[in-house]
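J.: Below are the sequence and a predicted model for it; my questions follow.
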Amino acid sequence: MIDKRRVWELLEPAGDGDRMSRVVDLVLIFLIVFNVIGVALGSVPSVYRSAGPYLDGFEALSVAVFTVEYLGRMWSCTATARYAAPVSGRIRFFFRPLILVDLLAILPFYLPFLGVDLRTMRAFRIFRILRILKLARYSHAFYIIQRAISGKLEELLISGLILFVLLAISSSLMFLVERESQPEVFYSIPATLWWSVVTLTTVGYGDIYPVTTLGKIIAGLISILGVGMVALPAGIISAGFVDEFSRYKSAKCDDGDICPTCGRPYDEERTEVTKTNRDDELP
């Protein structure tokens, strides 16, 4: 009889000393990476004409493996206390972000068999690229990124609010100043919002620009503010990365301090939580 608990351990990121689980992790990682490469190569007409059958064969093999992995996770998730309930536990497990990514990674392959129009299916096949997000389950780097951003979420929301206010003010001012000189371009505040976005983000495509003196002055001021608006969230995220890397390098699980994997007191993570909750907290 298949051991449900062991299946769960094999499919989750490997714990210390679990060589078989590590082998499974490496196989899945290689499949994910080569699938992303295959998706990119398959979009080149000349490559697909010559290597199409091989790419399709590798796609079918990969989907078979990913399908078994997905079904195995759904079946074995009840081996953990958090998802122990056979029905409600699996429902909660199904809506975890990474499990939804797993589903989207294999769903395009089965769309033709579900009677979906092939023209629609071609658009959905781009979701195969989401397989690269499955790497988040096996990478400490993805986890650190998630923690760096979530740790500075409040500051990022404040900077986003400031950006929204500046966009509203700049588009309104430019509409009032330029609408008489360029009624075909600055004909409404929503239309002017495009100019505000590309100006505040310092992209400046040049497809829309002011012609009046007052409009140019306002545009110059907004451009200067845009430099600061780009630097503000970048600085916040950089500070988050510095904090997380400092915590990761200084933590010493052996001393009972903070776990470098999850950033919480290690004494609270002595059980299976070290293995399972790390995946739960990923985006």
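T.: Looks like it arrived, so ask away.
J.: ok now the host helix or strand of Arg147, how far from the chain's centre?
T.: With secondary structure defined by DSSP states H and E, Arg147 is part of helix 140-151. Centroid separation between helix 140-151 and its chain, computed with Cα atoms, centre = their mean, to the nearest Å, is 11 Å.
J.: Could you point out the helix or strand that follows it?
T.: Next in sequence after helix 140-151, counting helices and strands by DSSP H and E, comes helix 153-178.
J.: average model confidence for the helix or strand containing Val36?
T.: The secondary structure element spanning Val36 is helix 19-42 (assigned by DSSP H and E). Averaging pLDDT along helix 19-42 yields 85.
J.: Who are the packing partners of the helix or strand just after it?
T.: Stepping forward along the backbone from helix 19-42, the first helix or strand reached (DSSP H and E) is helix 45-76. Counting contacts by 3 or more Cβ pairs under 8 Å, 6 or more residues apart in numbering; DSSP states H and E, the secondary-structure elements packed against helix 45-76 are helix 4-11, helix 19-42, helix 88-94, helix 97-110. Heads up, the C-betas are built off the backbone N, CA and C, glycines and all.
J.: Tell me which of the ones you listed approaches Gly235 most closely.
T.: Gly235 sits nearest to helix 97-110 of all the helices and strands packed on helix 45-76, at 27.2 Å, using Cβ to Cβ.
J.: buried ones in that closest one?
T.: The neighbour-count criterion (16 or more other Cβ atoms under 10 Å) identifies Leu98, Ile99, Val101, Asp102, Leu103, Leu104, Ala105, Ile106, Leu107, Pro108, Phe109 as the buried residues of helix 97-110.
J.: Any chance of the residues you listed in CSV with pLDDT and distance to Ile217 as columns?
T.: Listed next are the buried residues of helix 97-110 as CSV, based on pLDDT from 0 to 100; distance: Cβ to Cβ, whole Å:
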residue, pLDDT, distance to Ile217
Leu98, 80, 50
Ile99, 86, 53
Val101, 81, 48
Asp102, 84, 53
Leu103, 86, 53
Leu104, 80, 48
Ala105, 78, 51
Ile106, 84, 55
Leu107, 81, 53
Pro108, 76, 51
Phe109, 80, 56
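J.: And those residues, which is closest to Tyr187?
T.: Tyr187 lies nearest to Leu104 out of the buried residues of helix 97-110, by Cβ to Cβ, at 39.6 Å.
J.: hmm, back to that, tabulate the helices and strands packed on helix 45-76 in a markdown table, adding columns for distance to Ile189.
T.: Shown next, in a markdown table, are the helices and strands packed on helix 45-76 (distance: least, Cβ to Cβ, whole Å):
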| stretch | distance to Ile189 |
| --- | --- |
| helix 4-11 | 52 |
| helix 19-42 | 40 |
| helix 88-94 | 42 |
| helix 97-110 | 36 |
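J.: mind checking which of the ones you listed is nearest Trp195?
T.: Minimum separation from Trp195 across the helices and strands packed on helix 45-76 (Cβ to Cβ) falls at helix 19-42, 34.1 Å.
J.: and the closest one with helix 45-76, angle?
T.: Using axes from the mean of the first three to the mean of the last three Cα atoms, to 10 degrees, one finds that helix 19-42 and helix 45-76 are set 150 degrees apart in direction.
J.: helices and strands around helix 19-42, which ones?
T.: Judged by 3+ Cβ pairs under 8 Å, 6+ apart, helix 19-42 is in contact with helix 4-11, helix 45-76.
J.: is it true that Ile218 touches Thr199?
T.: No - taking Cβ atoms under 8 Å as the definition, Ile218 is not a contact partner of Thr199, at 9.8 Å.
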